[in-house]
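**Q** Make a model of this:
(2 chains)
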Amino acid sequence: MIADVKFKESVILSPPKAGEESMRSQRSFGATRLRMTFTVVLLLAMTLPAMASEASLFDQANAKYQAADFKAASEIYQRSIQAGQATAAVYYNLGNAALKSGEKGQALVYYERALRVSPRDRDLRWNLRVLKEALPDKIDDDSYFVIAAARDLLGRLTADELAVLLSAILLIAALLKGSYLFFPVFKTWTAWLRTFGFFGLIVTSSLFAWKVWETKDPRVVILDKETYAYYGPSDRETKAFLLHEGASGKVTDTTNDWVFLTLPNKKSGWIRKNSCETI
Amino acid sequence: MEKLKIIKLFVICNLVFVTFSASAFAEVAIETSVSRSVLPVGEQLVLDIIVSNAEGRIEQPRISSIDGFTSYSQGHSQEFSIINGQSSSRSVYSYVLVANTVGQRMIGPFAVGINGKEYKVAPVKVEVTQEGAGSWQTAGSQAPVTSPPSRALPVASVGDQDIFIKAWLDKDEVYVNEPVMLTYTLFTRLSATYKGFEKEPVTTGFWVEDFPPDKTIRRTEQFLNGQRYVVADVRKLALFPTQSGVFTVEPGTLSATVEVRNDDTFQTFFSNNIFGSRRGSFPSMVTSQVVSRAMAADPVRIVVKALPEIAKPQDFSGAVGQYEIESSLDKTDVEAGDPVTMRVRVFGRGNINTVQNLKLPKMDDFKVYESSSSTNISKEKLIVEGERVTETVIVPRKPGTFEIPSMLFSYFDPKTQTYRTLKTETQSLRVSGMDQGVQTPASSQNTVSTDTGIEPVAQEEVGFVAKDIRFIRTVDDGKHLPERELYRKPVYWIFNGLLFLAAALASFFSTLRATDLRDSKGSRLRRSHGAAKAKLKTAFRLLKGSKPDAFYEEVSKAVHGYFADKFNISTQSVTQERLEDLAHDLITAELMNKIKKLFDETSMGRFAKADKTPEDMRELYDLADEVISSFEKVKIR
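**A** Numbers count the residues shown, from 1 in each chain, chains lettered A, B, ... in the order given. Below is the predicted model of the structure:
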């Protein structure tokens, strides 16, 4: 595939060079137009193969997946990501491929990455639920119903969405206040908007603050089948608890080989860096 | 010391005894009793010779050969009692007799020597029947397992080499779930009886099936280190390892009773080896005693291999052994809506508990109910066999002929070391019942009757058959993962800050304006000068236009309006006196005089009909302008 791409580039790249030489000698109006056309062609030639290869990488991987060759599929998806196509769809498919080949922890990493940009994707949410039901560790954050509902809402919004929403509210507020300077009568007309805007601002900014709090620390997923969390960043420390593949938590401290993991249920301990992967 | 005391006590007792014996003792009586008078061959009875009220020394009863029985002594007991001054004594000599041949037998007569005098004992009649296993010895729980004594030893000298237990496995290496037989073998050179386990074996990691004890425990003779032993397998267990690894089984401790010689009998000489070596033909002439002995077997080690991963069938669920499978339907011709029971039977050798219920394939035309299953294990002939019967009720939803697909069952055969997959036969089922649709509500579900229109059916919950992840995306959504979230970029916060600032500023200014509108005093104050100037300007134009009345009117308005605004009072209430009152401590006397003059001249101009020269008017205009300009500098609280 890569050889094929190179071949295309070389073929299309060669004519402009030949053309330029001949154009210089002629110096006609037509030559300039020709040069422009060649430039466009050249630009297209540079972008098109790249696009074509990405599209086909994705399709190629999908074909492998459908043929139940999940290892090969995930390899090609990963190549696609390295080529810069790190989209939610690729990560979702990669998660599926990992899960089908039995790597639950790895699948969770990919799904969580996809969730960062498309948190309301129904398929993704379903798969995540199925996966989490199949994980051995039961880590509950024992929160109340209201908090759980709020957390669910928070989980359906990305940090960027909340950031944009906050900015939008601020923008509307600025515009509204500005308009009052010139049209004081607006003030009575838009009283409801101010009320909504005020509550919107409070809700949005608190959700945003929560989201920032939740996402500011990197999160990791355990990939090893079993790993112990210690009370300190060393094997010699006391073992705190045992984690299995797919357990995830926040990292609030790191050393060279160890990370300090805090689980959603507030238990925390040091685990080896190579036993987990960052989402 | 202790012994001496006992002897002393004994002597005292004897003295007492002798003193009273002559008068108190009744006549000597000798009885014999047997525990049963009819017994099958191979079983045993207990013969008691009871000597009552004997005075002096009682000799061991001389039991001559009892024809058709093998006998040995079970011991000797003695008791004394004194009731209401009447003393009595009883000596009981017990023997165990094992019947060897069929027929009427006489036991006895015997002779007992008491105080040198010989007493005869009457014989007892016993009938030996043909029943029983034909073997000369049967196992009850108390049945002696081993032969009559090849020799009896003093208690203290029973050693580990005389009687011991060995636990052994029939295989050293087995697969997971493949049975291994643990056998307990008792080796003895003495007369011993197996009593059971004192400490059960520790079999963690194994599924244990205990074989029921044999009716007859087979005994053989073996020579070990030049010694003759009687050997018997006393217990057998089938162990099914549940996981792979190397395991050690602690076989536990078992107990047996051993017959040992009584030290004080003078017949030791005879019993030692001359007669003892031939079993059964000579009676035991030994008084002996039964002691209990506990024996621990050495731990056994077993290697459990994991089942091979190669060629492991997809549906393999852990069954190991040799199995067969069959399936059947209880009816092959039914009406729609009628239940049919499908029976699947898996049977064969192996641990049937590891055989899982076979799952029926998904059948859309049937309602499938939960299966029930029963398991049956038999342990005949030292083989663990079993069967598992799974019954599933299925209800056909609509008429037609249906094939119930075959089911697969895989197991591992440790003999051939291969996986095998069995398949049930497909069953065909004819479902009728369209015609009866109206009568039976169940079959009416699929009928659309023209008379009643469309009838609602009993609806079912749509449940999941299985849970799996959803399919992959086939189109890339192009939603790239962000390198950094917006909130991690300072630009975002600067932008938000600016927006906030803009909103705050706009809010501030509009608020300022709103207060202006509401606060008339302030705004009057601020606008007073401008308004007065504007009015004076109009007055100046009137001056130029030679309109004196209008001029004075306008100047009056300007002056009155100015001071009214300045002091936030109504225009009408602005008078010379009021002004003096309000402003006397704010302004200089000179300015006050000017104000007075201004008021006077304005009034004069307006109301006096005197001539109004343009110079006067000009002078008044200048005065008004000067007063207002000067008053502007005055700060009003």
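
**Q** Could you pull up the residues touching the nearest residue to B:Glu485 once chain neighbours are set aside?
**A** Setting aside the residues directly before and after it, B:Glu485 is nearest to A:Ala159 in space (C-beta to C-beta, 6 or more residues apart in numbering or on different chains), at 4.5 Å. C-beta: built from backbone N, CA, C; applies to glycine. Contacts were defined as C-beta atoms under 8 Å, 6 or more residues apart in numbering or on different chains; by that measure A:Ala159 touches A:Phe208, A:Lys211, A:Val212, A:Thr215, B:Glu485, B:Leu486, B:Tyr487.

**Q** Now with 7 Å, please.
**A** Counting by C-beta atoms under 7 Å, 6 or more residues apart in numbering or on different chains, A:Ala159 makes contact with A:Lys211, A:Val212, A:Thr215, B:Glu485, B:Tyr487.

**Q** And the residue in the stretch 101-250 of chain A positioned nearest to chain B, what's its pLDDT?
**A** Nearest residue of the stretch 101-250 of chain A to chain B: A:Lys177, at 3.3 Å (C-beta to the nearest C-beta). According to the prediction, A:Lys177 has pLDDT 85.

**Q** Buried residues, the helix or strand containing it. List them.
**A** According to DSSP states H and E, A:Lys177 maps onto helix A:159-182. Neighbour-count burial for helix A:159-182, with 16 or more other C-beta atoms under 10 Å in any protein chain shown as criterion, is recorded at A:159-163, A:165-167, A:169-170, A:172-174, A:176-181.

**Q** helix or strand right after that helix?
**A** helix A:186-189.

**Q** Name the residues that touch that following helix?
**A** A:Ser179, A:Tyr180.

**Q** 10 Å - rerun?
**A** Contact with helix A:186-189 is made by A:Leu176, A:Lys177, A:Gly178, A:Ser179, A:Tyr180, A:Phe183, A:Leu193, A:Arg194, B:Ser510, B:Ala514, as judged by C-beta atoms under 10 Å, 6 or more residues apart in numbering or on different chains.

**Q** Can you tell me which of the residues you listed comes closest to B:Ser406?
**A** A:Leu193 (70.1 Å; C-beta to C-beta).

**Q** Let me know whether that closest one touches A:Ile172 as I believe.
**A** Yes. If you go by C-beta atoms under 10 Å, A:Leu193 and A:Ile172 touch, sitting 7.9 Å apart.

**Q** what residues are shared contacts of those two?
**A** Residues within reach of A:Leu193 and of A:Ile172 at once, by C-beta under 10 Å, 6+ apart, are A:Gly200.

**Q** quick one: the helices in the chain?
**A** Picked chain A for this. Per DSSP state H, chain A carries helices over the ranges A:2-26, A:29-66, A:70-82, A:88-100, A:104-117, A:122-133, A:145-155, A:159-182, A:186-189, A:191-215.

**Q** wrong one, chain B
**A** B:2-24, B:268-271, B:490-518, B:520-544, B:548-567, B:576-583, B:589-607, B:614-632.

**Q** so which of those is the most packed in?
**A** The highest mean neighbour count among the helices of chain B, using mean count of other C-beta atoms under 10 Å in any protein chain shown, belongs to helix B:548-567: a mean of 21.

**Q** Distance from that helix to the middle of the chain?
**A** How far helix B:548-567 lies from its chain's middle: 102 Å, per C-alpha atoms, centre = their mean, to the nearest Å.

**Q** and the angle from it to helix B:589-607?
**A** 140 degrees (axes from the mean of the first three to the mean of the last three C-alpha atoms, to 10 degrees).

**Q** Only alpha carbons, please: show helix B:548-567 as CSV.
**A** The C-alpha trace of helix B:548-567 is given here as CSV (Å, rounded to 0.1, in the frame of the first residue of the first chain):
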residue,chain,number,x,y,z
PRO,B,548,-38.7,93.1,25.8
ASP,B,549,-41.6,91.2,27.3
ALA,B,550,-40.5,87.9,26.0
PHE,B,551,-36.9,88.8,26.9
TYR,B,552,-37.8,89.4,30.6
GLU,B,553,-40.0,86.3,30.6
GLU,B,554,-37.1,84.2,29.3
VAL,B,555,-34.6,85.6,31.7
SER,B,556,-36.9,85.0,34.6
LYS,B,557,-37.4,81.4,33.5
ALA,B,558,-33.7,81.0,33.2
VAL,B,559,-32.9,82.4,36.7
HIS,B,560,-35.8,80.8,38.5
GLY,B,561,-35.3,77.5,36.7
TYR,B,562,-31.5,77.5,37.5
PHE,B,563,-32.0,78.1,41.2
ALA,B,564,-34.9,75.6,41.4
ASP,B,565,-32.6,73.0,39.8
LYS,B,566,-29.7,73.9,42.0
PHE,B,567,-31.7,73.5,45.2
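
**Q** What is it packed up against?
**A** Packing contacts for helix B:548-567, counted by 3 or more C-beta pairs under 10 Å, 6 or more residues apart in numbering or on different chains; DSSP states H and E, involve helix B:520-544, helix B:576-583, helix B:589-607, helix B:614-632.

**Q** Please identify which of these is closest to chain A.
**A** Once the helices and strands packed on helix B:548-567 are compared by C-beta to the nearest C-beta, helix B:520-544 is nearest, at 14.7 Å.

**Q** Tell me which residues are up against the closest one.
**A** Residues outside helix B:520-544 that contact it (C-beta under 10 Å, 6+ apart): B:515-517, B:519, B:547-569, B:614, B:617-618, B:620-621, B:624-625, B:627-629, B:631-632, B:636.

**Q** Any idea how many residues pack against B:Lys415?
**A** Look at B:Lys415: counted by other C-beta atoms under 10 Å in any protein chain shown, it has 9 neighbours.

**Q** Could you do B:Val304 as well?
**A** That count, for B:Val304 with other C-beta under 10 Å as the rule, works out to 22.

**Q** what's the nearest residue to it if we skip its chain neighbours?
**A** Leaving aside its sequence neighbours, B:Val304 sits nearest to B:Pro241 (C-beta to C-beta, 6+ apart; 4.1 Å).

**Q** what does B:Leu237 give?
**A** Looking at B:Leu237 with C-beta to C-beta, 6+ apart, the closest residue is B:Leu182, at 4.4 Å.

**Q** I'd like the distance between the closest residue to B:Gln130 other than its chain neighbours and A:Ala97.
**A** Of all residues not flanking B:Gln130 in the chain, B:Val102 sits nearest, at 5.5 Å (C-beta to C-beta, 6+ apart). Distance, B:Val102 to A:Ala97, by C-beta to C-beta, to the nearest Å: 83 Å.
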